[in-house]
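K.L.:
give me the fold of what follows.
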Amino acid sequence: MEPKDQPHAKEPAIQPTERAALVNEVIAGFDALMHRMAGSHAPEFLEIAVTMPQAKLLYLLGAAGDLHMSELVSRLGVSLSTVSGLVDRIVEAGLASRREDPADRRQVVVGLTPAGAQFIDRFRELNAHQMRDLLDLLDDAELAGVRATLAALARAAEQLAARSGGSAAKAPGDLSPARKDPA
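P.N.:
Here you go, the predicted model:
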């Protein structure tokens, strides 16, 4: 079997400057793709009445589950007063709940309500629908290439999370078409 016929055979190493340029090209391509896609479903996103910081907080709670206020401050990289204001607004909207930690009543825990979970699901549905429309335009070889690329990025994300001691949400290893949430 030829080396390139072997699964996961590595391409010859490229020079660091070429690699940096390639990384920048991929990032620019991803940014352009996201920009093009954002315009196609902006009306659906605009009908959802939350700010971007509130949406970030909701996504974080959706991915990580219930979190202490101090953990929200750390993960969002903003002040406690900023997080408190964001939490106040999403609690008032019925998308999250705030309660004392039974183990330490000085700590406040924030989590999604069922309405908050539905909110996150709605965003995921919009993204999944848009992604399906996009993927339907690819031929079989391109679709297989995207699948392989997503698997490689998932492996890299796991390595990055392990290296940084992060608690990134674990994505399923199977990226089959039956997966409900490709985004």
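K.L.:
tell me which helix or strand in the protein has the weakest average pLDDT.
P.N.:
Least confident helix or strand of the chain, by mean pLDDT, DSSP states H and E, is helix 42-46 with a mean of 60.
K.L.:
residues near the closest residue to residue 71 other than its chain neighbours, how many?
P.N.:
Leaving out its chain neighbours, the residue that sits closest to residue 71 by C-beta to C-beta, 6 or more residues apart in numbering is residue 64, at 8.0 Å. (Glycine included, C-beta is placed from N, CA and C.) Other residues within reach of residue 64 by the criterion other C-beta atoms under 10 Å amount to 15.
K.L.:
got it, and residue 96?
P.N.:
25.
K.L.:
give me the distance between it and residue 61.
P.N.:
6 Å (C-beta to C-beta, to the nearest Å).
K.L.:
shared neighbours of those two, anything?
P.N.:
110, 111, 112, 116 (C-beta atoms under 8 Å, 6 or more residues apart in numbering).
K.L.:
out of those, flag the one nearest to residue 87.
P.N.:
The shortest gap between residue 87 and any of those belongs to residue 110, at 5.5 Å (C-beta to C-beta).
K.L.:
tell me which element that closest one is part of?
P.N.:
For residue 110, the element it lies in under DSSP states H and E is strand 104-112.
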